[in-house]
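1. Structural data only, the sequence is not supplied:
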C-alpha cells in the first residue's frame, strides 16, 4: 500500500492564506498539556499580530513560556479543498505606542472588511454595543507579535 503525502505550499501560497485570513489558533505550552485558544490576527506582510484580553490562562502561559505554535487554516465545507500553515515561534508583547496604535487600527479595518459580528468585540475586551473604533482608541487588551519563527509547515490538498 502506497502512502500519499499531502503537498507542501510554496511561500507565496501560504502568505496569501495568511493575508486572506483573520482567525488562528495558538498552542501555548502548559504545565502538562498544551493549551490551544482561537485568536483574531492581522498580518503586515512580515509579522502576525494578535490581540489578547488581559485576563485568562493565556496570559499566564504567555508570561511563563512565550514559545508557541500558531495554526491558520482554510477549507471548504465538504473538505474537498483545504490548506493550512503552522508556525513555531515566540510571542512578544508590543510596547511601542505608535506600533500599538497602528495595529489596533488594523484590527478595526479587518473587522469591517470581513463584516464580523459585533459580538467579536467581547473577545477583545469590549462590549458588543460599543463602537468598533474603541479598539483603536482604548487599550483594554494586549497586543502580541509572533517573532522568531523557526519552522513553517504549509500543506494543501492534492
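-> Everything's here; your move. Note that this is a predicted model, so its numbers are computed, not measured.
2. For residue 33, give me its contacts.
-> Neighbour list for residue 33: empty [criterion: CB atoms under 8 Å, 6 or more residues apart in numbering]. For every residue, glycine as well, the C-beta is placed using N, CA and C.
3. gap between it and residue 27?
-> For residue 33, the distance to residue 27 (CB to CB, to the nearest Å) stands at 10 Å.
4. list the contacts for the residue nearest to residue 129 when sequence neighbours are not counted?
-> Counting by CB to CB, 6 or more residues apart in numbering, residue 129 lies nearest to residue 118, which is 7.4 Å off, once chain neighbours are set aside. Contact analysis of residue 118 by CB under 8 Å, 6+ apart lists 128, 129, 132.
5. Give me the local confidence score for the second one.
-> Read it as residue 129. The confidence metric pLDDT takes the value 94 at residue 129.
6. Specify the local secondary structure of it.
-> Recorded secondary structure, residue 129: coil (DSSP: H, G, I helix; E, B strand; the rest coil).
7. Tally up the residues packed near it, please.
-> By other CB atoms under 10 Å, 7 other residues sit near residue 129.
8. Is residue 91 within a helix or a strand, and which one?
-> Assigned by DSSP states H and E, residue 91 falls within strand 82-93.
9. Next, the buried residues of that strand.
-> 83, 84, 85, 86, 87, 88, 89, 90, 91 (16 or more other CB atoms under 10 Å).
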